[in-house]
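Asker: Sequence and predicted structure, then a few things I'm wondering about:
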Amino acid sequence: MNKKYLAEFFGTAVLLSVITGSGLMGQALSSGNDAVTLLGNSIATGAGLYVLIMILGPISGAHFNPLVSVVAYRQKQLKGKDLLPYIASQITGAILGVWMTHLMFNLSIIQTSTKIRTGLGIWVSELIATLILLSVIYLGLKYAKKHIAMLVALIVTAGYWFTSSTFFCNPAVTFARSLTDTFVGIAPQNILGFVIAQLLALVIFMWPIRK
């Protein structure tokens with residue numbers, strides 16, 4: 001398997017394991033305090049992202065997100081023949097990461113989320129969050145490339161707290177999180193609203209930077 005695709009698969013799997021596992025651990029240790037659970041979830045996700053971007057960035061670019069891969073393709077930083085394999089690696093890796101976490105926590109591997117995340121405010125939040133993430137990555141790579149891992153990790157950590165959608169910003173992550181009925185889940189019927197907001201943000205973002 002191409003090492004770039006493997007890096008995207010592995011990195012996305014670990015990322016979803018960190019997201020799901022820290023949510024589960026946070027719930028187990030927080031005595032029902034959602035703020036404490038979210039704090040643990042956000043810190044763990046940011047820390048995990050930093051490590052993954054640092055070690056896998058030189059191999060694949062550490063996208064872990066179909067939207068980031070599309071932007072890289074449009075900016076001629078990713079070859080056309082690599083775009084679909086990148087996205088497939090991200091989606092399958094995300095699903096495996098969720099299932100792997102269920103196994104680690106002795107839960108049913110196959111689940112469907114019942115957590116409702118919907119409404120105009122949440123959709124607008126997801127659109128704005130995705131615009132912010134793509135902008136941080138784009139500007140970070142352009143003006144502060146050495147610090148890109150920290151920039152992405154910090155904006156994601158902050159995004160958990162200042163957005164009502166909790167900063168999904170990623171179709172692969174959104175779909176995978178519908179497969180876990182835990183703190184980080186999203187009900188399958190709410191996926192479409194999130195993905196439409198994310199794709200709309202991608203279109204808006206791409207317009208001023210198109211080459």
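Answerer: It's in. These numbers come from a predicted model, not from an experiment.

Asker: okay, the helix or strand encompassing residue 122 in CSV with CA atoms only?
Answerer: Taking DSSP states H and E as the definition, one finds residue 122 inside helix 120-143. C-alpha atoms of helix 120-143 as CSV (Å, rounded to 0.1, in the frame of the first residue of the first chain):
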residue,chain,number,x,y,z
LEU,A,120,-29.8,26.5,12.2
GLY,A,121,-27.4,27.7,14.9
ILE,A,122,-25.4,24.4,14.8
TRP,A,123,-25.3,24.4,10.9
VAL,A,124,-24.1,28.0,10.9
SER,A,125,-21.6,27.1,13.6
GLU,A,126,-20.3,24.2,11.5
LEU,A,127,-20.0,26.4,8.4
ILE,A,128,-18.0,29.0,10.3
ALA,A,129,-15.9,26.4,12.1
THR,A,130,-14.9,24.8,8.8
LEU,A,131,-14.0,28.1,7.3
ILE,A,132,-11.8,28.9,10.3
LEU,A,133,-10.1,25.5,10.1
LEU,A,134,-9.4,25.7,6.4
SER,A,135,-8.1,29.3,6.8
VAL,A,136,-5.8,28.4,9.7
ILE,A,137,-4.3,25.5,7.6
TYR,A,138,-4.0,27.6,4.5
LEU,A,139,-2.4,30.7,6.2
GLY,A,140,-0.4,28.5,8.5
LEU,A,141,1.2,26.6,5.7
LYS,A,142,1.9,29.9,3.8
TYR,A,143,3.2,32.1,6.7
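
Asker: could you check the angle helix 120-143 makes with the helix or strand that comes right after that helix?
Answerer: Using DSSP H and E, the next helix or strand after helix 120-143 towards the C-terminus is helix 148-162. Counting by axes from the mean of the first three to the mean of the last three C-alpha atoms, to 10 degrees, helix 148-162 points 160 degrees away from the direction of helix 120-143.

Asker: helices and strands around helix 148-162, which ones?
Answerer: If you count contacts as 3 or more C-beta pairs under 8 Å, 6 or more residues apart in numbering; DSSP states H and E, helix 148-162 packs onto helix 34-60, helix 120-143. Bear in mind the C-beta positions are built from the backbone N, C-alpha and C, glycine included.

Asker: does residue 82 really touch residue 7, like I thought?
Answerer: No: the pair residue 82 / residue 7 is not scored as a contact, 11.7 Å apart, by C-beta atoms under 8 Å.

Asker: quick one, which of these two is more surrounded?
Answerer: Neighbour count, other C-beta atoms under 10 Å: between residue 82 and residue 7, residue 7 has more, with 24 against 19.

Asker: check which helix or strand covers the more buried one.
Answerer: helix 3-29.

Asker: List the buried residues of that helix.
Answerer: 4-5, 7-27 (16 or more other C-beta atoms under 10 Å).
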